[in-house]
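In: Next one to model:
(one chain, ligands or ions: 1)
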Amino acid sequence: MTGITLNRPRLHFTPRTGWMNDPNGLVRIGETYHLFYQYFPDGLRHGPMHWGHATSSDLAEWQEGPIALSPDASGQCFSGSAVPVGTGDLAEEIDAPAGGALVFFTAHLDHDDGSALETQHLAIADQTLTEFTRWPGNPVVPNSGARDFRDPKVFWHAESGHWIMLIAEGQRIAIYRSPDALKWELASAFGETHGIHREHPWECPDLVPLRLAGTSRQVWMMIVGIGEGHPGGGSGTQLFFGDFDGTSFTNHYPAETIHMMDWGRDFYAVQSFAGISGADPLVIGWMSNWDYAKQLPGTEFLGAMSLPRRLRAIETQAGPKLVQRVDEVVASRFDKLGLVIGESARPASGTYRLDLRADLALGDRAELSLFGNPAPLFRVERIADGFTVTSLRHEELDQAGRGAFAHEYSTQIETDGPFICEVFVDNGFVEIGCLEGRHWFSTVHLPATPAGAVSWR
Ligand code: FRU
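Out: Purely as a prediction, here's the structure:
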């Protein structure tokens, strides 16, 4: 296919120009949400990594600001996180202003012989989060000996009175702790024998407590990026549910149980916001996949964020499961398009939302087509104990990536109820949440007519 381009979405954040991957340093300070991101301003490729910066008061409209961090002699600025000053205890030497933030990121230094060194650095941000002072004693966590040792996610664990830093270290997640955000020690590691492992290292860990709906209990959920091994191909986000005692994480499920945060191929490097304590965790992911991210046909920008999602858990017979809902304010900005099964409709713009339902008999199917293309990109079939759901993508890329862009693959959802889902469409960026947010499929498309006809039949 020729002439296809990545359209600019309206409610998914994109930088004005340049390359973007992971969300970094997500934090709310006062009434402002800060979104930093892996950024290369000078081209549509993964070049020397900076941290870009955007702010929002409602998660729907973002203002892009000046670049926050740029590469220096210590290397590129790879992914990391931020915490508001005032969240926990700080070493006396740290002179951080109230209303500012501490930022932890990976300095990635490439050597001429092809090897690289990854260490964890601290920078202190002023109240506007635009002026950063790098800690003179960097790195705060030296390299452990692992080639891949990155993406520090830091939070204050009040119960144990310590800061926790998760670091993706090869094929596991190292858990460090600190009383003062400066002196860090390794507490434990998780993952070597759990979940999906391929050659590519694990990346971008996070650990959040989730409310178990209808109970007064909570469960801890670890989020891990897998560079390859998504059931649909390429990178994806896996989850583990368990306990965290301030030192180590214990998986509640058998080690081989696989939970994907999203069954679509474009939801990676997911991070939760700091600074919203008391509320349900709020996350944003990068809507792409390392299989083909660099080959997407962008003209001004390359890379988009997912819609922000709020998380909670439900208890099922098998154990806790995640429920994700698009933030309500953001969801309300989509035009609502009514559509019942058997119908088609013409949206007024490329940014709209559908609530779909299908009461299917055993063996029956329903198919969703978008963008005026009659070939379905989402198919549901009733099976004995639920549904087989198939994601299809028809666009081909002129590609030198690791895996194909076009795809067709299926997964199964257990339920005895009808099939219901909400579909958010934003100029080719499609996020589908099934059964009240229990199974998500997020996929990037390259439609020639983003506001083309929709059908559900
Ligand atoms: C994940 C990732 C991170 C790394 C960053 C580099 O997408 O590979 O592990 O810090 O991207 O841009």
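In: which residues of the stretch 51-200 of the chain fall in strands?
Out: Counting by DSSP state E, counting those that start in this stretch, the segments of the stretch 51-200 of the chain that form strands are 63-64, 76-84, 101-110, 116-125, 132-134, 149-157, 162-169, 172-178, 185-190.
In: Figure out which of the ones you listed is closest to the ligand.
Out: strand 76-84 (3.4 Å; C-beta to the nearest ligand atom). C-betas here are computed from N, CA, C, even on glycine.
In: Let me know the angle separating that closest one from strand 116-125.
Out: Here strand 76-84 runs at an angle of 40 degrees relative to strand 116-125 (axes from the mean of the first three to the mean of the last three C-alpha atoms, to 10 degrees).
In: which strands and helices sit next to strand 76-84?
Out: strand 18-29, strand 32-40, strand 101-110, strand 116-125, strand 149-157 (3 or more C-beta pairs under 8 Å, 6 or more residues apart in numbering; DSSP states H and E).
In: need those strands in CSV with mean pLDDT, distance to the ligand and mean neighbour count, can you?
Out: Below are the helices and strands packed on strand 76-84 laid out as CSV (pLDDT from 0 to 100; distance: least, C-beta to the nearest ligand atom, whole Å; neighbours: other C-beta atoms under 10 Å):
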stretch, mean pLDDT, distance to the ligand, mean neighbour count
strand 18-29, 98, 5, 25
strand 32-40, 98, 4, 24
strand 101-110, 98, 6, 24
strand 116-125, 98, 8, 22
strand 149-157, 98, 5, 24
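In: circling back to that earlier point, with distance to Leu370 as added columns, please give the strands of the stretch 51-200 of the chain in a markdown table.
Out: Below are those laid out as a markdown table (distance: least, C-beta to C-beta, whole Å):
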| stretch | distance to Leu370 |
| --- | --- |
| strand 63-64 | 28 |
| strand 76-84 | 32 |
| strand 101-110 | 38 |
| strand 116-125 | 40 |
| strand 132-134 | 42 |
| strand 149-157 | 34 |
| strand 162-169 | 35 |
| strand 172-178 | 37 |
| strand 185-190 | 39 |
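In: any chance of the helices and strands packed on strand 76-84 in TSV, with distance to Phe78 too?
Out: What follows is these, written out as TSV (distance: least, C-beta to C-beta, whole Å):
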stretch	distance to Phe78
strand 18-29	9
strand 32-40	7
strand 101-110	4
strand 116-125	7
strand 149-157	5
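In: Tell me which of the ones you listed lies nearest to Leu212.
Out: strand 149-157 (19.1 Å; C-beta to C-beta).
In: Nearest to Ala274, out of the strands of the stretch 51-200 of the chain?
Out: Across those, closest to Ala274 is strand 76-84 (C-beta to C-beta), at 4.9 Å.
In: Direction included, what does the closest one pair up with?
Out: strand 101-110 (antiparallel) (DSSP bridges).
In: Name the residues of this protein found near the ligand, please.
Out: 21-22, 38, 49, 78-79, 106, 150-151, 203-204, 225, 269 (C-beta under 6 Å from any ligand atom).
In: In this structure Pro15 contacts Glu64, no?
Out: Yes - Pro15 lies in contact with Glu64 (C-beta atoms under 8 Å); the separation is 6.2 Å.
In: Show me whatever sits in contact with both of these two.
Out: Residues touching both Pro15 and Glu64 by C-beta atoms under 8 Å, 6 or more residues apart in numbering: 52, 54.
In: Of those two, give the one with the bigger neighbour count.
Out: Pro15 (22 against 17; other C-beta atoms under 10 Å).
In: quick one, phi psi at that one?
Out: Note on Pro15: backbone dihedrals following degrees, to the nearest 10 are phi -80, psi 150.
In: Can you give me every residue that contacts it?
Out: Pro15 neighbours (C-beta under 8 Å, 6+ apart): 37, 39, 52, 54, 64, 301, 303.
In: Repeat the analysis, applying 10 Å as the threshold.
Out: 37, 39-41, 52-54, 62, 64, 300-305 (C-beta atoms under 10 Å, 6 or more residues apart in numbering).
In: what's the distance between it and the ligand?
Out: 14 Å (C-beta to the nearest ligand atom, to the nearest Å).
In: And for Asn143?
Out: 14 Å.
In: Check Phe13 too.
Out: 16 Å.
In: so that residue makes contact with Met305?
Out: Yes - the criterion here is C-beta atoms under 10 Å, and Phe13 meets it with Met305 at 4.3 Å.
In: so what's in contact with these two at the same time?
Out: With C-beta under 10 Å, 6+ apart as the test, Phe13 and Met305 both reach 20, 23, 35, 37, 54, 62, 284, 287.
In: In the sheet, which residues pair with the first one? Tell me.
Out: To tie it back to what came earlier, the one meant is Met20. Tyr39.
In: Isn't it up against Leu296?
Out: No - under the criterion of C-beta under 10 Å, Met20 is not in contact with Leu296, lying 11.5 Å apart.
In: any weak-confidence spans in the chain?
Out: Along the chain, the parts satisfying pLDDT under 70 run over 1-3.
In: Number of residues surrounding Asp112?
Out: 5.
In: nope, Ala318 is what I meant
Out: Neighbours around Ala318, by other C-beta under 10 Å: 9.
In: Quick check: it vs the ligand, distance?
Out: 30 Å.
In: who's in contact with that residue?
Out: Counting by C-beta under 10 Å, 6+ apart, Ala318 has contacts 253, 257, 414.
In: Much appreciated, bye for now.
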